[in-house]
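Q: Requesting a structural model of the entry that follows:
(4 chains)
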Amino acid sequence: MRVLLFGIAKDIAGTPAITTTAVADVAALKEWLYTQYPALRQLRSLMIAVNKVYANDEQSLLPGDEIAVIPPVSGG
Amino acid sequence: MRVLLFGIAKDIAGTPAITTTAVADVAALKEWLYTQYPALRQLRSLMIAVNKVYANDEQSLLPGDEIAVIPPVSGG
Amino acid sequence: MNVLVKIAADINVQEALNFVESPDCGGVVLFVGNVRNETQGRKVVKLFFECYEPMAIAEMEKIAQHTIATMGISRIAILHITGEKFPGETVVVIAAAAPHRGVAFEACEYAIDTLKQTVPIWKKEFFEDGAIWVAAHP
Amino acid sequence: MNVLVKIAADINVQEALNFVESPDCGGVVLFVGNVRNETQGRKVVKLFFECYEPMAIAEMEKIAQHTIATMGISRIAILHITGEKFPGETVVVIAAAAPHRGVAFEACEYAIDTLKQTVPIWKKEFFEDGAIWVAAHP
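A: Below is the predicted model of the structure:
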């Protein structure tokens, strides 16, 4: 599954997009991310967006979903 | 005593400045104004400014004071 | 100089913004008041504003100084027009700059609310069939 | 069209004001956010903003629609820059127009507060001796 990364998450992974192993839902994706990139655990928060909408841990991930890692936002 | 008039007070008096008989204080000035121009009684409020500051009824009026009649303001 | 107060035939937003902006203040809140084309369903043709100018400037200065002294504002501009204005034209501009945006919102709203209550400026509304001094009668 | 949301390399106050002004709305409240020259006593050289642009636009649209649907606003513009900005330069502009000024103040403050919490935009602060992603760590 392809996952977009932004801000400090992009810096931690060293790339703006990664490909994960198959994960069933947002909780599993986060677990996978934390294992691959332990520094993500130190962030104030870590949200996942699915198709440009914030997703909760229970949300299923489907092939073709646009998935993004959202570290703490700081616009404005 | 010379008194400046603005807005609807100017329209009621028909002039931007009037000369009153000698009046001791703001209360006496207002009484004089209401007698001369009864339509002023119908306004929502009538304030007197002395030297560009709102004055209360007890304030004495001195020769040389800049006196103004302030009908309800409506700026902005 | 952290206060600009001004009464003129024409005012604009950029002048107020330019005055208050500075690299030590991240947030600016502005209020812009324009002539509406109707009042309570009645079409407005134009407005005429009369000012007791020296006292109006003094009252605007009081409002400005109060926001600086007690509300946490760094700089403020209060501009008001005098004379005739048509629907859509700008009548009043207030800009408040502060290190923290919350107090800039509070100070800007305080300034326009207080201006409407205390500053000796009078507005005459012209309709197609007459004119009235706004808020003069109960 | 009563909503304008936009992410661009450069934005300006006049564009937001022009969009929301109309002769049926007497009051416009604007928030302008600029780059500050220091953060907690540390000199800021520049900021860099990164956006997840399609989602940021969608979240800005949500904020705008919420103010129109529930807060009594007639028109709103929310503009945010992307890329590099230097002290004094404008980063965000929000303009809210309403028949009554109180709700315009409320909606404009709601919009900037919510933008800072939900819109996927990230700010990197560059100091003379390093850089950090703002608010990333507790």
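
Q: Now do the strands in the chain.
A: As the question left the chain open, I've gone with chain A. A:2-5, A:17-19, A:47-50, A:53-55, A:67-70 (DSSP state E).

Q: Can you look at chain C instead?
A: C:3-8, C:27-34, C:38-39, C:42-51, C:75-81, C:83-85, C:90-98, C:121-127, C:130-133.

Q: Can you report how many residues neighbour the nearest residue to residue A:3 once chain neighbours are set aside?
A: Among residues not flanking residue A:3 along the chain, residue A:67 sits closest, at 4.8 Å (C-beta to C-beta, 6 or more residues apart in numbering or on different chains). Every residue, glycine included, has its C-beta placed from N, CA and C. Residue A:67: 20 surrounding residues under other C-beta atoms under 10 Å in any protein chain shown.

Q: quick one on the thing from earlier: of the strands of chain C, which is nearest residue D:99?
A: strand C:38-39 (10.1 Å; C-beta to C-beta).

Q: Show me what the closest one is in contact with.
A: C:44, C:125, D:24 (C-beta atoms under 8 Å, 6 or more residues apart in numbering or on different chains).

Q: Now do the contacts for the first one.
A: Contacts here follow C-beta under 8 Å, 6+ apart; on that basis residue C:44 touches C:35-38, C:87, C:125-127.

Q: State the pLDDT value of it.
A: Looking at residue C:44, its pLDDT reads 96.

Q: try residue C:1
A: 81.

Q: Please tell me how far it sits from chain B.
A: 22 Å (C-beta to the nearest C-beta, to the nearest Å).

Q: Next one: the residue nearest to residue C:8 when sequence neighbours are not counted relative to residue B:44, how far apart?
A: Of all residues not flanking residue C:8 in the chain, residue C:81 sits nearest, at 6.6 Å (C-beta to C-beta, 6+ apart). Remark: distance between residue C:81 and residue B:44 (C-beta to C-beta, to the nearest Å) = 24 Å.

Q: ok, the two, which is more surrounded?
A: Just comparing residue C:81 and residue B:44: by other C-beta under 10 Å the higher neighbour count belongs to residue C:81, 24 against 11.

Q: and the gap between that one and residue C:56?
A: Computed as C-beta to C-beta, the residue C:81 to residue C:56 distance reads 11 Å.

Q: Name the strands paired with the helix or strand of chain C with the lowest mean pLDDT and say parallel or antiparallel.
A: Lowest on mean pLDDT, DSSP states H and E among the helices and strands of chain C sits strand C:38-39, with a mean of 91. According to DSSP bridges, strand C:38-39 forms sheet pairs with strand C:42-51 (antiparallel).

Q: and the strands of chain A as CSV, adding mean pLDDT?
A: CSV is the format used below for the strands of chain A (pLDDT from 0 to 100):
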stretch, mean pLDDT
strand A:2-5, 97
strand A:17-19, 97
strand A:47-50, 98
strand A:53-55, 98
strand A:67-70, 98
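
Q: looking at the ones you listed, which is buried most?
A: Compared across the strands of chain A, strand A:67-70 shows the largest average neighbour count, a mean of 23 (mean count of other C-beta atoms under 10 Å in any protein chain shown).
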